[in-house]
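**Student:** predicted model and sequence follow; I will ask about them next.
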Amino acid sequence: MVGACHLDRKARAATPYTIGASNPVALGAWPGGVARNVAENLVRLGAEVALVSRLGRDDDGLSLLAGLGDLAIDTSGVTLAERAPTAFHLIALQPDGEMLVAVADMRIYDEITPALLEDLPAALWQSEAIFADCNLPAATLGILAGLCEGKRRFAVNAVSPAKALRLRPHLAACDLVFVNRQEAAALLGAPAEGLDPPAAAAKLRAEGAGEVVLSLGGAGICIAAEGKPLMLDSDEARLVDITGAGDALAAAYLEARLRGVDPRKAGRRALAAAALTVGCAESVCPRLTPAALDAMAAA
């Protein structure tokens, strides 16, 4: 896993937010970041995982590093910056758990450069797959694509519409791409409004991506693999906090596909993981297990 690792600070409003006014909230903090969340979800599903990320040499960074060790995640690829602080992510949640807006300072991830990767232990790259998020610089995504070519699968999460553009030059190197509607539109240079999910996913495949999982929020997912794109409805879930649901979905899908599970069944497990995650306050659900996904996917 290569990419973001930081705290998700969540400000949940007591009543719907009033724009331009002070709003009462309950503030909490949980470990987060796309790559870190995917790594933890994979560990909970029984995979062996190493994380490559960049933390500040501050209280947040040292706390996150200790927590990764407690999860048995290999941290030999996690480096500490001397000057830059650990990334900051503040999420404003409505009372029902939907996100109103988020603000973030992710500049430290610009330090995950090709040169930094070259200094890491070579054993980190001897894996079945490399997962990266688009918080990374475009040049770093290119290096990772090269490390995977013909040797291991390369999976990428687009993160946001703006950051998805970093993936554009490397789309053809991706075996698996995770996007939402807005990110797919950005990659295709098309408006998000009115975007047809099967057509968009198929076009991303036509432009080089090996397999595409397009998340539609509460409406489910569209999977473009071999043959006609699949549309799968979301599992019913009580919404507590939407944060991290996409990371759980990506982790469960990737884990299943690496085991040879077909796209439809992998998609059902992915949707089950997302449903578990939106039902808890943490960014990674502590109840996520293979048995829990088996039961939900079979229901």
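**Tutor:** Yep, it's here. Computed from a predicted model, the values in this text were never measured in an experiment.

**Student:** report pLDDT for residue 217.
**Tutor:** If you check residue 217, the pLDDT there is 88.

**Student:** likewise residue 226?
**Tutor:** If you check residue 226, the pLDDT there is 87.

**Student:** likewise for the one 10 residues further on?
**Tutor:** In this model, residue 236 is scored at 79, pLDDT.

**Student:** report how many residues lie close to it.
**Tutor:** Residues lying near residue 236 (other CB atoms under 10 Å) number 8. In short, each C-beta sits where N, CA and C put it, glycine included.

**Student:** give me the nearest residue to it, chain neighbours excluded.
**Tutor:** residue 275 (7.3 Å; CB to CB, 6 or more residues apart in numbering).

**Student:** test my guess that the one you found contacts residue 237.
**Tutor:** Yes: counting by CB atoms under 8 Å, residue 237 is a contact partner of residue 275 at 3.7 Å.

**Student:** ok, those two, which is more surrounded?
**Tutor:** Using other CB under 10 Å as the criterion, residue 275 and residue 237 rank with residue 275 on top: 21 against 17.

**Student:** which of the three states applies to the more buried one?
**Tutor:** helix (DSSP: H, G, I helix; E, B strand; the rest coil).

**Student:** measure it to residue 266 for me?
**Tutor:** Remark: distance between residue 275 and residue 266 (CB to CB, to the nearest Å) = 15 Å.

**Student:** picking that back up, OK, contacts around the residue nearest to residue 236?
**Tutor:** Residue 275 sits next to 234-237, 296 when contact means CB atoms under 8 Å, 6 or more residues apart in numbering.

**Student:** helix, strand, or coil at residue 46?
**Tutor:** Under three-state DSSP, the three-state class of residue 46 is coil.

**Student:** what's the spacing between it and residue 251?
**Tutor:** Here residue 46 is placed at a distance of 11 Å from residue 251 (CB to CB).

**Student:** okay, those two: which has more neighbours?
**Tutor:** More crowded of residue 46 and residue 251, by other CB under 10 Å: residue 251, with 34 against 10.

**Student:** that one - that's part of a helix, no?
**Tutor:** Yes: under three-state DSSP, residue 251 sits within a helix.

**Student:** hmm, residue 38 and it touching each other?
**Tutor:** Yes: taking contacts as CB under 8 Å, residue 251 lies within contact range of residue 38: 4.6 Å.

**Student:** quick check: mean pLDDT across stretch 246-257?
**Tutor:** pLDDT averaged over stretch 246-257 gives 97.

**Student:** can I get the CA coordinates of that stretch in PDB?
**Tutor:** Extracted C-alpha coordinates of stretch 246-257, given in PDB (Å, rounded to 0.1, in the frame of the first residue of the first chain):
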ATOM      1  CA  GLY A 246     -14.800   3.600  -0.300                       C
ATOM      2  CA  ASP A 247     -11.500   2.300   1.200                       C
ATOM      3  CA  ALA A 248     -13.200  -0.700   2.700                       C
ATOM      4  CA  LEU A 249     -14.900  -1.400  -0.700                       C
ATOM      5  CA  ALA A 250     -11.500  -1.200  -2.500                       C
ATOM      6  CA  ALA A 251      -9.800  -3.500   0.000                       C
ATOM      7  CA  ALA A 252     -12.400  -6.100   0.000                       C
ATOM      8  CA  TYR A 253     -12.700  -6.100  -3.800                       C
ATOM      9  CA  LEU A 254      -8.900  -6.300  -4.300                       C
ATOM     10  CA  GLU A 255      -8.500  -9.100  -1.700                       C
ATOM     11  CA  ALA A 256     -11.200 -11.200  -3.400                       C
ATOM     12  CA  ARG A 257      -9.900 -10.700  -6.900                       C
END
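
**Student:** tell me which residues in that stretch are buried?
**Tutor:** 246-257 (16 or more other CB atoms under 10 Å).

**Student:** likewise for stretch 190-202?
**Tutor:** Per 16+ other CB under 10 Å, stretch 190-202 contains these buried residues: 195, 197, 200-202.

**Student:** residues near residue 153, how many?
**Tutor:** Neighbours of residue 153 using other CB under 10 Å come to 18.

**Student:** for it, name its beta-bridge partners.
**Tutor:** Taking DSSP bridges, one obtains residue 129 as the residues bridged to residue 153.

**Student:** wait, doesn't it sit right on residue 132?
**Tutor:** No: if you go by CB under 8 Å, residue 153 and residue 132 don't touch, sitting 11.4 Å apart.

**Student:** quickly list what's touching both of the two.
**Tutor:** Counting by CB under 8 Å, 6+ apart, nothing touches both residue 153 and residue 132.

**Student:** done for today, thanks.
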